[in-house]
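In: I would like the atomic coordinates for the input below:
(one chain, ligands or ions: 1)
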Amino acid sequence: MRFRKDAPPRWLRRWCPDERVRSVTEITPEHLRSLDIRALLLDLDNTITPWRSRQVPPEVAAWVKRMQEAGIKLCFVSNTRNLGRLQAISAQLGVPYARGVMKPRRAMLRRALELLGVEPQHAAIAGDQLFTDVWGGNRLGIYTIWVHPMHPREFIGTKVSRQVEKWLLKRLEPYRADEEQA
Ligand SMILES: [Mg+2]
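Out: Numbering: from 1, shown residues only. Next comes the predicted model:
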């Protein structure tokens with residue numbers, strides 16, 4: 001589902017994604033190209049793997065490969081404390097990473113764009129959290145894709161922010177740009 005990002009009132013706009021998808025695998029290189037997007041920053045936990053897991057689902061690994069083969073530059077952006085896990089997944093998929101302080105701070109996202117050599121207007125971010133991934137991306141002025149969390153298991157603090165996300169999603173409903181695909 002897409003949103004008219006400029007339409008919500010100012011207070012709500014910062015949390016409004018450009019799009020919402022069930023899974024990253026719904027994002028296609030053709031779609032990104034049509035938006036002149038060449039690079040995609042990827043959240044790790046509950047976007048690419050279940051929370052704290054090293055297991056990348058096979059369909060996600062295949063999707064990463066498709067994106068790479070299509071020439072879309074990828075980079076993980078994560079504030080995980082487990083560097084070994086981030087490095088292992090990065091090596092397994094051949095995707096570089098930028099690690100840093102909590103999103104929505106912009107420094108880590110900027111570093112990722114520098115690493116890929118891409119300007120913000122040609123970049124997107126995909127992640128499962130409105131208050132980190134989407135807000136951070138919006139602050140940087142990049143295209144934001146809100147991904148449905150892969151698995152219900154997550155950090156206790158996240159469970160709290162999910163309630164607020166639910167409330168915000170209701171506020172965002174009137175600003176949907178199209179009907180949800182069946
Ligand atoms: Mg996440």
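In: okay, now Gly141: neighbour count?
Out: 12 (other C-beta atoms under 10 Å). Every residue, glycine included, has its C-beta placed from N, CA and C.
In: In terms of helices and strands, where is Thr144?
Out: Per DSSP states H and E, Thr144 falls inside strand 143-147.
In: Return the set of buried residues in the longest helix along the chain.
Out: For the chain, the helix that runs over the most residues, judged by DSSP state H, is helix 156-172. For helix 156-172, a neighbour-count test (16 or more other C-beta atoms under 10 Å) marks 158, 161-162, 165, 168, 172 as buried.
In: now check the strand holding Thr144, is it near the ion?
Out: No: between strand 143-147 and the ion, judged by C-beta under 5 Å from the ion, nothing touches; the nearest distance is 8.3 Å.
In: partners of that strand in the sheet?
Out: Applying DSSP bridges, strand 143-147 is found paired with strand 19-21 (parallel), strand 123-127 (parallel).
In: Stretch 23-37: how far from the chain's middle?
Out: Here the centre of stretch 23-37 is set off from its chain's centre by 12 Å, with C-alpha atoms, centre = their mean, to the nearest Å.
In: Stretch 87-104 too?
Out: Using C-alpha atoms, centre = their mean, the offset of stretch 87-104 from its chain centre is 13 Å.
In: what's the spacing between the most centrally placed residue in the chain and Leu168?
Out: With distances taken as C-alpha atoms, centre = their mean, Ala126 lies nearest the centre of the chain, 1.6 Å away. According to C-beta to C-beta, to the nearest Å, Ala126 and Leu168 sit 18 Å apart.
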